[in-house]
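K.L.:
got a predicted structure plus its sequence, pasted below:
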There are 2 protein chains.
Amino acid sequence: MGSRSEVAQQSEKPQRAPTLANVAERAGVAISTASRALSNPGRVNAVTRGRIEKVAAELGYSPNWQARALTSGKVGAIAVLVSDVTNPFYFGIIRGTQRQLKASGYSQLLIDTEESDQNEDDLLHRLRSSFDGVILAASRLSDRALAKLADELPLVAVNRQTRGVPSVFIDTPSGVVQALEHLVSLGHRDIAYVSGPATSWSNESRWRALVKAASARGATMHRLGPFSPRLHAGAAAADAVLNTGATAAIAFNDLLAIGMLQHLAARGVRVPEQLSIVGCDDIFGADFCNPPLTTLTAPVEQAGRLAVTMLVAQLDGGSAPGQRQASVLPTYLTVRSSTGPAAEKEI
Amino acid sequence: MGSRSEVAQQSEKPQRAPTLANVAERAGVAISTASRALSNPGRVNAVTRGRIEKVAAELGYSPNWQARALTSGKVGAIAVLVSDVTNPFYFGIIRGTQRQLKASGYSQLLIDTEESDQNEDDLLHRLRSSFDGVILAASRLSDRALAKLADELPLVAVNRQTRGVPSVFIDTPSGVVQALEHLVSLGHRDIAYVSGPATSWSNESRWRALVKAASARGATMHRLGPFSPRLHAGAAAADAVLNTGATAAIAFNDLLAIGMLQHLAARGVRVPEQLSIVGCDDIFGADFCNPPLTTLTAPVEQAGRLAVTMLVAQLDGGSAPGQRQASVLPTYLTVRSSTGPAAEKEI
DNA sequence: AAACAGATGGCAAACGTTTGCCACTCTGCT
DNA sequence: AGCAGAGTGGCAAACGTTTGCCATCTGTTT
């Protein structure tokens, strides 16, 4: 058997973690009193409480979350669903949720849905009892399914606007218009939009915002894709852009944009002289790629934090349906070196 | 399709999740039978089982993990501790653990210790009941504390070699020697090592490997730091290197290396013409920074997966003490453009 | 002196599982 | 006939908490 330390030497106890019963016994009180001393301090005499606390500390007691969950219904954990742990965009979200959750005393259950709505729904129901609430970062669920889900459990969606679903929305659609203005002011008239996954809600809303804004500014948009929102998809995307004859491209996200940059460099197309590129999100790396990427800076970490704050409020405030709200976080354009004056059109 | 909706539509029940009792009642069997039908299929008649399974599906039953944990002692979750969620190095680990955990049917509890050993120990004890085992990615714990912990709970350490502690070790020390060879072959004789956090075990072992290898190859090592393993610390690190007069530098990690690249570019120092830079880890971005970074490619994701595999084996195999093992994963040098022939020494 | 209120502590019933043990019903065998 | 043994199903006791309710004790008010 594994040679534990002191205690095990003597008696061959299985070394179970100390329970409330142990504390109570050693302090000479009933379990209920011990429980109250630790979680409802006002309810018990100061001196008794002191004794109990002392014993608890000696024994290194810490409450069993499982058992507690059984009666209280609260498990003290929140699930964070991302559609792809691999995507740096989510790192920012995760960072934000992690920090805020910790500050609120919750644990973070990280779940990767692998871009599948089926998976998303399944996992959520299978693990229903393991968390108090959910943060859906870029859910692939349909509006209908999402609304239904929001009815069944406490939830905050990130980057999603659906009636009746509390959400934190990073306003890239209006940011993307800033990008358009920037390009138009540099003389670009033919602009490509390199779109992301077909199931992405953000993708759609960005495109709509672009078309609308473009016509008012005398620019023509070309929609390309869908492309996988990954680095390696940038190659195909870059080639597609080249074919349209557009002088600038706005990509669904920075991953695609950086991938394009790489491929363009390999093909000898100069950025921004021959083609301007704009990304979305300002992920890690956007500032040190070559050339540094002009992109929409999204307050991703803040979004994660805010989502947690809203969710926790929802949990504590007893899901008052009126409290449902949607926050909007602004984005702004960060101009770096991947955009420049439009190339002369060769006639 | 939505098999869950029907019931809820009708009555305004508090919408509690269906329990085994509900299933049993509706199937006309005892709770124990229902339990066995679902988790110990051989123990109950095929036709009864069929009926129970059908009812369970209808009701959308899924077992309560908390309750199950109470009797079985298994919660179905594994904690992954990282010292800083912000650090891209851990993204690889997290990605690996996430995938393998999912495949093994476990959930992932992600915990950020914020570089504090105090935090690490605390959190682990407070949450002890919420996970079955732990993966410590780059623990800041002392060898002694770590060994003690490994005795108390199932654990696998990543990038740490301590007697009696199962671990996955990414062999950067020998990789770093490859880097040294590379630099020496390019004519470098004065080489700086830009070290990371003082508490980092890897940092120490890399330095030792370097000194040892350097003397045999007639090169001189300069130790600088400690520096925070962050991008922004690269500026200070770069200046420090410049002061030593070294013609090449090996950085504790890519973050530092890329930070140095940025600062050097700003100062007008050409890489690799005037100074060669080598990083460690080959994180996201190392291939597209400017210039692309020569670095030690570490199989990070694989390390995460392997750690999970080992941990799960430990959990299932009932902590056979003999099974304790340490795996070593090799690294290799990926040469890109941040290294080149040594600059002529101006006399 | 009686009655009352507040403070304090204990009993026991939940919460939703798993599982050891017992009871019953069949077969098939001696 | 009697019975061993397998195949099924149920009872009830855990697991470690929380919490409603009751009992006791103390001091205060009438």
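P.N.:
Received it, and whenever you're ready, just let me know what you need. Numbers count the residues shown, from 1 in each chain, chains lettered A, B, ... in the order given.
K.L.:
okay, now A:Ala17: neighbour count?
P.N.:
As a burial measure, A:Ala17 scores 16 neighbours (other C-beta atoms under 10 Å in any protein chain shown). Glycine gets a C-beta too; all of them are placed from N, C-alpha and C.
K.L.:
what's the answer for the one 5 residues further on, then?
P.N.:
The criterion is other C-beta under 10 Å. On that basis, A:Asn22 has 17 neighbouring residues.
K.L.:
what sits against it?
P.N.:
Residues near A:Asn22 by C-beta atoms under 8 Å, 6 or more residues apart in numbering or on different chains: A:59, A:61.
K.L.:
could you measure from it over to A:Gly60?
P.N.:
10 Å (C-beta to C-beta, to the nearest Å).
K.L.:
next: A:Ala46.
P.N.:
23 Å.
K.L.:
the strands in the stretch 51-200 of chain A, which residues?
P.N.:
Secondary structure of the stretch 51-200 of chain A (DSSP state E, counting those that start in this stretch): strands at A:77-82, A:107-112, A:133-137, A:155-158, A:167-171, A:190-194.
K.L.:
partners of the last one in the sheet?
P.N.:
Sheet pairing for strand A:190-194, assigned by DSSP bridges, gives strand A:220-224 (parallel), strand A:248-251 (parallel).
K.L.:
and if you look at the shortest one?
P.N.:
In the sheet, strand A:155-158 lines up against strand A:133-137 (parallel), strand A:167-171 (parallel) (DSSP bridges).
K.L.:
CA atoms only for the first one - export them in CSV, please.
P.N.:
Written as CSV, here are the backbone C-alpha positions of strand A:133-137 (Å, rounded to 0.1, in the frame of the first residue of the first chain):
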residue,chain,number,x,y,z
GLY,A,133,-25.0,28.4,-15.1
VAL,A,134,-23.5,28.7,-18.5
ILE,A,135,-21.6,31.1,-20.6
LEU,A,136,-21.9,30.4,-24.3
ALA,A,137,-19.1,32.0,-26.2
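K.L.:
chain center to it: distance?
P.N.:
Computed by C-alpha atoms, centre = their mean, to the nearest Å, the chain-centroid distance of strand A:133-137 equals 8 Å.
K.L.:
same question, the last one
P.N.:
Offset of strand A:167-171 from its chain centre (C-alpha atoms, centre = their mean): 11 Å.
K.L.:
export it to PDB, keeping only CA atoms.
P.N.:
Below are the C-alpha coordinates for strand A:167-171, written out as PDB (Å, rounded to 0.1, in the frame of the first residue of the first chain):
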ATOM      1  CA  SER A 167     -26.000  38.500 -23.700                       C
ATOM      2  CA  VAL A 168     -22.800  40.400 -24.100                       C
ATOM      3  CA  PHE A 169     -22.400  41.600 -27.500                       C
ATOM      4  CA  ILE A 170     -19.200  42.800 -29.000                       C
ATOM      5  CA  ASP A 171     -20.300  45.300 -31.500                       C
END
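K.L.:
one step back: just the strands paired with strand A:190-194: most buried one?
P.N.:
Highest mean neighbour count of the strands paired with strand A:190-194: strand A:248-251, a mean of 31 (counted as mean count of other C-beta atoms under 10 Å in any protein chain shown).
K.L.:
DNA strand C contacts on the stretch 101-250 of chain A?
P.N.:
Within the stretch 101-250 of chain A, no position lies close to DNA strand C (C-beta under 7 Å from any atom of the strand).
K.L.:
now the helices for the stretch 101-250 of chain A?
P.N.:
A:117-126, A:143-152, A:172-185, A:201-216, A:234-244 (DSSP state H, counting those that start in this stretch).
K.L.:
now those as JSON lines including mean neighbour count?
P.N.:
Below are the helices of the stretch 101-250 of chain A laid out as JSON lines (neighbours: other C-beta atoms under 10 Å in any protein chain shown):
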{"stretch": "helix A:117-126", "mean neighbour count": "17"}
{"stretch": "helix A:143-152", "mean neighbour count": "17"}
{"stretch": "helix A:172-185", "mean neighbour count": "20"}
{"stretch": "helix A:201-216", "mean neighbour count": "17"}
{"stretch": "helix A:234-244", "mean neighbour count": "19"}
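K.L.:
can you list those in a markdown table and add mean pLDDT and distance to A:Thr309?
P.N.:
Compiled in a markdown table, the helices of the stretch 101-250 of chain A are given as follows (pLDDT from 0 to 100; distance: least, C-beta to C-beta, whole Å):
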| stretch | mean pLDDT | distance to A:Thr309 |
| --- | --- | --- |
| helix A:117-126 | 89 | 21 |
| helix A:143-152 | 92 | 17 |
| helix A:172-185 | 95 | 21 |
| helix A:201-216 | 94 | 22 |
| helix A:234-244 | 97 | 35 |
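K.L.:
quick one: contacts for A:Ile31?
P.N.:
Per C-beta under 8 Å, 6+ apart, neighbours of A:Ile31: A:20-21, A:24.
K.L.:
ignore the last one, A:Ser205
P.N.:
By C-beta under 8 Å, 6+ apart, the residues touching A:Ser205 are A:161, A:172-173.
K.L.:
in CSV: the strands paired with strand A:190-194, plus mean pLDDT and distance to DNA strand D.
P.N.:
Formatted as CSV, the strands paired with strand A:190-194 follow (pLDDT from 0 to 100; distance: least, C-beta to the nearest atom of the strand, whole Å):
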stretch, mean pLDDT, distance to DNA strand D
strand A:220-224, 97, 54
strand A:248-251, 98, 50
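K.L.:
distance to A:His125 added to those, as CSV?
P.N.:
Converted to CSV, the strands paired with strand A:190-194 look like this (distance: least, C-beta to C-beta, whole Å):
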stretch, distance to A:His125
strand A:220-224, 36
strand A:248-251, 35
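K.L.:
A:Glu115 and A:Thr86 touch, don't they?
P.N.:
No. Using C-beta atoms under 8 Å, A:Glu115 is not in contact with A:Thr86; the gap is 10.3 Å.
K.L.:
so which of those two has more stuff around it?
P.N.:
Neighbour totals were compared for A:Glu115 and A:Thr86, and A:Thr86 leads with 23 against 18 (other C-beta under 10 Å).
K.L.:
how close does the more buried one sit to DNA strand C?
P.N.:
For A:Thr86, the distance to DNA strand C equals 33 Å [C-beta to the nearest atom of the strand, to the nearest Å].
K.L.:
quick one, what contacts the spatially closest residue to A:Gln66 that is not a sequence neighbour?
P.N.:
Once flanking residues are discounted, A:Gln66 sits nearest to B:Ala69: 4.2 Å by C-beta to C-beta, 6 or more residues apart in numbering or on different chains. Residues near B:Ala69 by C-beta under 8 Å, 6+ apart: A:66, B:75-76, B:129.
K.L.:
again, but for A:Ala342
P.N.:
Taking C-beta under 8 Å, 6+ apart, we find A:Ala342 in contact with A:186-189, A:247-248, A:276.
K.L.:
go with 7 Å
P.N.:
A:186-188, A:247 (C-beta atoms under 7 Å, 6 or more residues apart in numbering or on different chains).
K.L.:
just the pLDDT at the nearest residue to it once chain neighbours are set aside, thanks.
P.N.:
Closest residue in space to A:Ala342, ignoring its immediate chain neighbours: A:Gly187 at 3.7 Å, by C-beta to C-beta, 6+ apart. A:Gly187 is assigned a pLDDT of 96 by the prediction.
K.L.:
ok, the nearest residue to A:Val176 once chain neighbours are set aside to DNA strand D distance?
P.N.:
Excluding the flanking residues, the one nearest A:Val176 by C-beta to C-beta, 6+ apart is A:Arg206, at 5.0 Å. From A:Arg206 across to DNA strand D, the span is 46 Å (C-beta to the nearest atom of the strand).
K.L.:
give the contact list for A:Arg206.
P.N.:
A:172-173, A:176.
K.L.:
which parts of chain A sit against DNA strand D?
P.N.:
By C-beta under 7 Å from any atom of the strand, the residues of chain A that approach DNA strand D are A:16, A:19-21, A:31-32, A:35-36, A:38-40, A:61, A:63-64, A:67-68, A:70-72.
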